[in-house]
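Chemist: this one's sequence-less:
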């Protein structure tokens with residue numbers, strides 16, 4: 001075992017203890033984050049913590065203190081790369097789960113692998129790194145924080161949400177001049193959904209605990225808007241790509257077909273269709289989809305930084 005002094009000099013302004021009102025200390029001046037990587041075949045990636053570390057000898061997640069101004073997702077991925085050699089390009093972010101004490105917070109970032117990889121020890125904080133089958137995790141001596149959160153986290157491993165958007169119906173729900181430029185109005189909607197796709201949605205919108213969720217968005221465009229341009233995702237994006245389906249004929253039929261394809265393709269997921277069309281709602285509900293009105297999606301979009309747009313092209 002590599003011996004490391006228990007008090008290492010700070011490497012970043014965030015590397016410091018925070019003391020709570022009850023005297024308990026938590027690592028990370030700006031909070032901390034950990035990465036829960038789930039591979040369908042191998043299980044989850046766990047770190048056997050070095051004996052000199054806090055709760056040394058236990059098993060937990062690679063992670064650590066966040067830097068000043070760093071998001072939880074960025075911090076978790078950076079720490080996992082440094083400690084465990086986790087390649088960011090092998091991950092897709094699914095959900096985050098937040099423990100917020102008011103004066104300190106810890107965010108668990110749950111990511112699914114897009115390809116298998118072998119972890120590698122990158123510093124002295126790990127005795128071992130191991131893929132552990134989900135059903136075997138409880139048999140290990142777990143870090144107390146991870147152990148208390150594991151039942152909730154385990155329940156979210158299979159959480160998958162798909163949102164199918166009836167673009168024509170959503171655009172038409174606001175009398176803001178969309179009829180002057182149908183394609184432009186749809187492109188504006190796609191740009192806003194793309195931003196929402198990048199930032200995620202509060203998990204409470206789907207009945208889950210504190211944190212954020214990244215649904216897989218499918219947007220169906222039709223008619224004069226069928227050739228609407230799709231926003232180009234940022235390089236290295238770790239969220240599901242925005243899927244735009246261009247209806248050759250009936251938009252409603254295409255939406256139903258999209259729902260059927262998603263249900264058949266699996267894995268099991270919550271499927272939400274955004275529309276105010278009652279006939280369409282009845283059709284997709286027959287396949288187990290939940291229906292929410294355009295107002296639900298528009299409220300989420302209006303809550304993005306910058307708020308609702310002042311106007312649409314051509315308005």
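Modeler: Nice, I can see it. None of the values given here were measured: they were computed from a predicted structure.

Chemist: switch to C-alpha atoms for all contacts and neighbour counts from now on
Modeler: Fine.

Chemist: Could you spell out which stretches of the protein belong to which domain?
Modeler: Following automatic domain parsing, the chain resolves into domains at 17-156, 161-302.

Chemist: Just the strands from the stretch 1-150 of the chain, written as ranges.
Modeler: 17-19, 25-27, 32-39, 43-49, 59-60, 63-65, 91-100, 105-113, 126-132 (DSSP state E, counting those that start in this stretch).

Chemist: I'd like those as CSV, with distance to residue 173 appended.
Modeler: CSV is the format used below for these (distance: least, Cα to Cα, whole Å):
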stretch, distance to residue 173
strand 17-19, 48
strand 25-27, 48
strand 32-39, 39
strand 43-49, 43
strand 59-60, 48
strand 63-65, 44
strand 91-100, 30
strand 105-113, 35
strand 126-132, 48
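
Chemist: Out of the ones you listed, the one nearest residue 219 is which?
Modeler: The minimum distance between residue 219 and the strands of the stretch 1-150 of the chain falls on strand 91-100, with 19.2 Å, by Cα to Cα.

Chemist: about what we covered before: using TSV, lay out the strands of the stretch 1-150 of the chain together with mean neighbour count.
Modeler: Shown next, in TSV, are these (neighbours: other Cα atoms under 10 Å):
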stretch	mean neighbour count
strand 17-19	15
strand 25-27	17
strand 32-39	26
strand 43-49	23
strand 59-60	26
strand 63-65	25
strand 91-100	21
strand 105-113	23
strand 126-132	19
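
Chemist: Serialize these to TSV and add fields for mean pLDDT and distance to residue 271.
Modeler: Listed next are the strands of the stretch 1-150 of the chain as TSV, based on pLDDT from 0 to 100; distance: least, Cα to Cα, whole Å:
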stretch	mean pLDDT	distance to residue 271
strand 17-19	91	41
strand 25-27	88	39
strand 32-39	97	22
strand 43-49	95	25
strand 59-60	95	32
strand 63-65	93	32
strand 91-100	94	15
strand 105-113	96	19
strand 126-132	93	30
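
Chemist: Local confidence estimate at residue 4?
Modeler: Residue 4 carries a pLDDT score of 38 in this model.
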